[in-house]
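Asker: Here is my input; please provide its structure:
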Amino acid sequence: MLSSTSVSAVVPQSPRWLKSTIGGSLLRTCARTRTQTSTCDVNSGQAEWSGKLDVEKLLNRPWLMPQPSTQITKISIEDFSEATVNPRLEPPSWRRTLHGLWEEIRYANAQSAQPEHRDDNPAFYIIRDDLLHPLLGGNKLRKLDALIPELERMGATDVVTCGGCQSAHTAALAFACTERGMSAHLLLRGERPATPTGYNLLCGMYGHVTYIPRSEYADRVGMLSKYASQISGSRGSVTWLDGECDPNPPAAAEFQGLRERKTESRKKNVVVVKEGAGDAIALLGLIRLVQFLSNPAALGRDDPVHLVVDTGTGTTAVGVALAIALLGLPWEVTGVILADSVENYEKHQLRLISDFSTKFCSSPTEGLLLPLKWEHRFNPRKFGKVFPGEIETCRSIARQTGILLDPIYTLAGWESAVKFSVECKGSNRVVMLHTGGTLGLFGLAQRFPAEF
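Answerer: Below is the predicted model of the structure:
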């Protein structure tokens, strides 16, 4: 279990594949891991759910990543005041002043803490999933961990998905599909940028990109159906990933033979993956992550933990909270809202849990009570907007800690982690899941060149 000393990394070593280059064969292994057995009842709050789930059986399947391990880093908050973390400012002055206050906070990565570092300073931990891959690390790979092998099981020849112009999800899916012999077709919202960069550049390198007018993109189901049908042609087929899922996938040898037989016909078998991989099977990779984090060498099972997750679609926060409930951990999750209303996030949560229980549990249910609270980011705004000073804040944090953030996603999680760690005063550990996405900075550099 992590101690309160200035040791930043957990004992498990990062697997060798994490250091591979983007052109390497890091995704070729279909790993199968056996985990601790956890069969539990879960309460839905409004109605009891009597279904049982064997987590060992659920996680004994082919995976995209050979190992679920990740690095954990401790961040100490060196200089702060209560007014800095919870500024009492009135509009309109608060937007001009807020990030000036945040820039006054000083941090120390425990690996580089100075001799005068006080161990009683507020601190939080970061799950460094941004280090899972040199370009595509983060929660996107976690969501693809079980999803990509499922696409192979289905015999997919082509995969269709959608996202924004700088979507990390579409880039990660395109790369993983290409390594597995599937063609990725990416429907990106808006216009083609004058100079492709960041995730947009990777999308064009690994996948077939079509730019979709915003008016058409608003109807995602109709848009995805239309383009999937065009790709499949008259002799092919179209399947939505959320409509098919094998709770008991075949063993590795059978798995490869099944895929080869399904692709022999040369007919296009098109599978549609929702925006942000918002499908029930994406939750499995997050359950695998939490099962690893509950090991004594990581966060352990016994002590309270407050996990902070920045949320685009909300799938990652739901998956982490579901894993906590299934494993019976005394942990809680805050999903920091970035793109929608609390009501819509809660609807997405109910749909995901309903789909998950239908596919993987013996007793389907409308929903489960999860240790999950949705909360707006420290400085709410329309999705994608960057306020003055936020890029400089990311730069300051990078120079002090060696951790790269972006102002749209991970800075929101960082701000909440700082706030909670100061407020809890050591009553429980605050842990931020770094969801990656830092290649999005390349796109921001085009929008705000003066800031870089």
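Asker: Please count neighbours and contacts with C-alpha atoms only from this point.
Answerer: OK.
Asker: is it true that residue 272 touches residue 156?
Answerer: No: applying Cα atoms under 8 Å as the test, residue 272 and residue 156 come out as separate, 9.6 Å apart.
Asker: where does the stretch 151-300 of the chain dip in pLDDT?
Answerer: 243-266 (pLDDT under 70).
Asker: residue boundaries of the strands in it?
Answerer: Ranges of strands in the stretch 151-300 of the chain, per DSSP state E, counting those that start in this stretch, are 158-163, 183-189, 208-212, 237-240, 269-272.
Asker: in the third one, what's buried?
Answerer: Buried residues in strand 208-212, defined by neighbour count with 16 or more other Cα atoms under 10 Å: 209-212.
Asker: Helices of the stretch 351-452 of the chain, start to end?
Answerer: 390-401, 410-424, 440-447 (DSSP state H, counting those that start in this stretch).
Asker: Neighbours of residue 356, how many?
Answerer: Neighbourhood size, residue 356 [other Cα atoms under 10 Å]: 24.
Asker: which residues does residue 272 contact?
Answerer: 159-161, 224, 228, 238-241 (Cα atoms under 8 Å, 6 or more residues apart in numbering).
Asker: again, 7 Å this time
Answerer: 159-161, 239-241 (Cα atoms under 7 Å, 6 or more residues apart in numbering).
Asker: Any chance of JSON lines for the buried residues of strand 208-212, columns distance to residue 192?
Answerer: Formatted as JSON lines, those follow (distance: Cα to Cα, whole Å):
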{"residue": "209", "distance to residue 192": "10"}
{"residue": "210", "distance to residue 192": "9"}
{"residue": "211", "distance to residue 192": "6"}
{"residue": "212", "distance to residue 192": "9"}
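Asker: and which of those residues is nearest to residue 327?
Answerer: residue 209 (39.9 Å; Cα to Cα).
Asker: What's the separation between the nearest residue to residue 375 once chain neighbours are set aside and residue 293?
Answerer: Distances taken as Cα to Cα, 6 or more residues apart in numbering place residue 336 nearest to residue 375, at 5.1 Å, with adjacent residues excluded. Per Cα to Cα, to the nearest Å, residue 336 is found 21 Å from residue 293.
Asker: neighbour count winner among these two?
Answerer: Applying other Cα under 10 Å to residue 336 and residue 293 shows that residue 336 carries more neighbours, namely 25 against 22.
Asker: Enumerate every residue touching that one.
Answerer: Residues counted as contacts of residue 336 (Cα under 7 Å, 6+ apart) are 309-311, 374-377, 412-413.
Asker: okay, the helix or strand hosting it in PDB with CA atoms only?
Answerer: Assigned by DSSP states H and E, residue 336 belongs to strand 331-337. Once non-C-alpha atoms are left out, strand 331-337 reads as follows in PDB (Å, rounded to 0.1, in the frame of the first residue of the first chain):
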ATOM      1  CA  TRP A 331     -13.900   4.400  -2.500                       C
ATOM      2  CA  GLU A 332     -15.900   7.100  -4.100                       C
ATOM      3  CA  VAL A 333     -15.700   8.900  -7.500                       C
ATOM      4  CA  THR A 334     -16.300  12.400  -8.600                       C
ATOM      5  CA  GLY A 335     -16.900  12.900 -12.300                       C
ATOM      6  CA  VAL A 336     -15.900  16.400 -13.200                       C
ATOM      7  CA  ILE A 337     -18.400  17.500 -15.800                       C
END
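Asker: Helix 410-424 and that one, what's the angle between them?
Answerer: Computed by axes from the mean of the first three to the mean of the last three Cα atoms, to 10 degrees, the angle separating strand 331-337 from helix 410-424 equals 140 degrees.
Asker: Quick check: can you name the pairing partners of strand 331-337 and their directions?
Answerer: strand 305-311 (parallel), strand 372-376 (parallel) (DSSP bridges).
Asker: quick one: residue 324 and residue 128, what's the gap?
Answerer: 19 Å.
Asker: Looking at the two, which is more packed in?
Answerer: residue 324 (23 against 20).
Asker: On the three-state scheme, that one is what?
Answerer: Using DSSP: H, G, I helix; E, B strand; the rest coil, the structure places residue 324 in helix.
Asker: got a list of what the residue lying closest to it once chain neighbours are set aside touches?
Answerer: Among residues not flanking residue 324 along the chain, residue 331 sits closest, at 6.6 Å (Cα to Cα, 6+ apart). Residue 331 makes contact with 304-306, 324, according to Cα under 7 Å, 6+ apart.
Asker: State the mean pLDDT of the strand holding residue 336.
Answerer: Strand 331-337 carries an average pLDDT of 97.
Asker: for stretch 303-321, same thing?
Answerer: Averaged across stretch 303-321, the pLDDT comes to 96.
Asker: Stretch 353-366 now?
Answerer: Stretch 353-366 comes out at a mean pLDDT of 77.
Asker: returning to that earlier point: which pair in the contacts of residue 272 spans the largest distance?
Answerer: Farthest pair in the contacts of residue 272 (Cα to Cα) is 161 and 239. Separation: 12.2 Å.
Asker: Determine which member of these two has the greater number of neighbouring residues.
Answerer: Taking other Cα under 10 Å, residue 161 and residue 239 do not tie; residue 161 has more neighbours (25 against 18).
Asker: Just give me the residue closest to the centre of the protein.
Answerer: Closest residue to the average C-alpha location of the chain: residue 139 at 2.4 Å, with Cα atoms, centre = their mean.
Asker: Would you agree residue 236 is in contact with residue 271?
Answerer: No: contact criterion Cα atoms under 7 Å: residue 236 and residue 271 do not qualify, at 10.8 Å.
Asker: Compare those two (neighbour count), which wins?
Answerer: For residue 236 versus residue 271, the count of surrounding residues by other Cα under 10 Å is larger for residue 271: 25 against 16.
Asker: I'd say the more buried one and residue 155 touch.
Answerer: No: Residue 271 is beyond contact range of residue 155, at 9.1 Å (criterion: Cα under 7 Å).
Asker: Give me the buried positions along the one helix or strand residue 318 maps to.
Answerer: Per DSSP H and E, residue 318 falls inside helix 315-327. Of all the residues in helix 315-327, those buried under the rule 16+ other Cα under 10 Å are 315-327.
Asker: Can you tell me which helices and strands that helix packs against?
Answerer: helix 282-293, strand 331-337 (3 or more Cα pairs under 7 Å, 6 or more residues apart in numbering; DSSP states H and E).
Asker: Make CSV out of those and add distance to residue 186.
Answerer: Output for the helices and strands packed on helix 315-327, formatted as CSV (distance: least, Cα to Cα, whole Å):
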stretch, distance to residue 186
helix 282-293, 18
strand 331-337, 25
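Asker: Nearest to residue 75 among the ones you listed would be which one?
Answerer: Comparing these by Cα to Cα, helix 282-293 comes nearest, at 17.7 Å.
Asker: now what about the closest one, what contacts it?
Answerer: Residues contacting helix 282-293 (Cα under 7 Å, 6+ apart): 59, 68-69, 142-147, 299-300, 316, 319-320, 323.
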